[in-house]
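# Need a 3D model of the following:
(one chain, ligands or ions: 2)
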Amino acid sequence: MPNINYVTKSLAIKIIYYGPGLSGKTTNLRYIYNHLNKDSRGEFLCLETPSERTLFFDLLPVKAGMIREFETHFHLMTVPGQVFLEASRKSVLKGADGIVFVADSQVPLLDANLENFSGLKKNLLHNDIDINLMPLVFQYNKRDLEDLIPVDAFNRLFNSMDAPFVESSALYGKGVFETLSEIAKQVVPRVKEKIFWERIKTDVNNVMKRKFAVTKEQIIIKREKTVTLEPGEDQLQMKKIKFMSQEDVDMEIAKLQQDFLD
Ligand SMILES: Nc1nc2c(ncn2[C@@H]2O[C@H](COP(=O)(O)OP(=O)(O)O)[C@@H](O)[C@H]2O)c(=O)[nH]1
Ligand SMILES: [Mg+2]
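Ligands and ions are numbered 1, 2, ... in the order given. From the prediction side, this is the model:
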């Protein structure tokens, strides 16, 4: 469910970049961060355990225009890929409005992709969400490398729901904004339905029909200023926060969402 503040008229939509470790999730966020001007995105947050090795997640807020009178942001978040961090993945997934599954296209990583995707389905079910009902985009990443899983095979094995898919090389920016725009296309109409249906229920006692709740505004991901970067060049300023426990992470996710809306 998107996070909405009727007083400040702001709306936060949570999009999760899910996928096995090292598939390129953080690379997507880093590219987006580096290619949007300051006014269009917030700080890039990176949350670590005290060992400085294990990431809980990354968070990048991106301006997404107006939905009705609400200033809207996408909260782009990654999950950690390591098998033993299932609890972190579960907590990041709570309240997700859409998912980008970032797969590593290299043939030897097929099993890791499959295992991680089945984990995603299981974790969603844990929150009573059927993956077939969740806005979803597949990103088949690292297409610049050799020995690749063919796109047809990817779709046969993963994409029985016929979700949109994007072939990408996130390291070079190929497919990164296309992926974001594909997930936005699915998520935004859903969010509008959910929110304005909620308001209708409270405001006018269910009198209006649901179809009146959907508006025609289009979300625009602003790319006002494009910065050209060489691959590997890193302009990123990451803010790092350390945590002791899972509860700290849960609290921080809630706080970040609240801070953003206040
Ligand atoms: N060749 C290639 N390498 C990539 C691509 N995307 C990410 N990588 C590299 O894969 C490694 C892991 O990426 P990262 O984004 O940290 O993975 P994460 O664990 O999913 O967040 C890094 O060394 C990236 O530079 C890509 O499209 N092509
Ligand atoms: Mg990462």
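
# Going by C-alpha atoms from here, please, whenever you check contacts or count neighbours.
Will do.

# those strands in the stretch 101-250 of the chain, which residues are they?
136-141, 165-167, 238-242 (DSSP state E, counting those that start in this stretch).

# Neighbouring strands of the first one in the sheet, and parallel or not?
If you go by DSSP bridges, strand 136-141 pairs up with strand 98-104 (parallel), strand 165-167 (parallel).

# residues touching the closest residue to residue 148 other than its chain neighbours, list them.
Once flanking residues are discounted, residue 148 sits nearest to residue 106: 4.6 Å by C-alpha to C-alpha, 6 or more residues apart in numbering. Shown in contact with residue 106 (C-alpha atoms under 8 Å, 6 or more residues apart in numbering): 142, 145-149.

# Could I get the buried residue list for the longest helix belonging to the chain?
Using DSSP state H to define each element, the chain has its longest helix at helix 176-203. Within helix 176-203, the residues scored as buried using 16 or more other C-alpha atoms under 10 Å are 176-184, 186-197, 200.

# which stretches of the stretch 151-262 of the chain have low pLDDT?
The model of the stretch 151-262 of the chain has pLDDT under 70 over residues 198-250, 252-262.

# Show me what from it comes close to ligand 1.
Within the stretch 151-262 of the chain, the positions adjacent to ligand 1 are 169-171 by C-alpha under 6 Å from any ligand atom.

# do the stretch 1-150 of the chain as well
Counting by C-alpha under 6 Å from any ligand atom, the positions of the stretch 1-150 of the chain adjacent to ligand 1 are 21-27, 81, 141-142, 144-145.

# Top of the contacts of residue 106 by number of neighbours, please.
residue 142 (22 neighbours; other C-alpha atoms under 10 Å).

# Now that one: closest residue in space that isn't a chain neighbour?
Counting by C-alpha to C-alpha, 6+ apart, the residue nearest residue 142 is residue 169, at 4.7 Å.

# From residue 105, how far off is the one you found?
Applying C-alpha to C-alpha, to the nearest Å, the value for residue 169 to residue 105 is 10 Å.

# Mind listing the shared neighbours of those two?
Contacts common to residue 169 and residue 105, judged by C-alpha under 8 Å, 6+ apart, are 141-143.

# ok so, going back, who has more neighbours, residue 169 and residue 105?
The residue with more neighbours, out of residue 169 and residue 105, is residue 105; 27 against 21, by other C-alpha under 10 Å.

# who touches that one in this structure?
Contact analysis of residue 105 by C-alpha under 8 Å, 6+ apart lists 140-143, 148-149.

# now swap in residue 140 and tell me
Contacts of residue 140 (C-alpha under 8 Å, 6+ apart): 102-105, 151, 165-168.

# which other helices and strands contact the longest strand along the chain?
Using DSSP state E, we find that the single longest strand of the chain is strand 55-67. For strand 55-67, the elements it packs on are helix 25-34, strand 44-48, strand 70-78, helix 86-93, judged by 3 or more C-alpha pairs under 8 Å, 6 or more residues apart in numbering; DSSP states H and E.

# again, 7 Å this time
Applying 3 or more C-alpha pairs under 7 Å, 6 or more residues apart in numbering; DSSP states H and E, one finds that strand 55-67 contacts strand 44-48, strand 70-78.

# Only the buried residues of it, if you could.
55-67.

# would TSV of those with pLDDT be doable?
As requested, the buried residues of strand 55-67 are arranged in TSV below (pLDDT from 0 to 100):
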residue	pLDDT
55	58
56	71
57	79
58	87
59	90
60	93
61	93
62	95
63	94
64	91
65	90
66	91
67	89
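
# Could you dump these into a markdown table and include distance to residue 132?
Output for the buried residues of strand 55-67, formatted as a markdown table (distance: C-alpha to C-alpha, whole Å):
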| residue | distance to residue 132 |
| --- | --- |
| 55 | 28 |
| 56 | 26 |
| 57 | 24 |
| 58 | 25 |
| 59 | 25 |
| 60 | 26 |
| 61 | 26 |
| 62 | 26 |
| 63 | 27 |
| 64 | 25 |
| 65 | 27 |
| 66 | 28 |
| 67 | 25 |
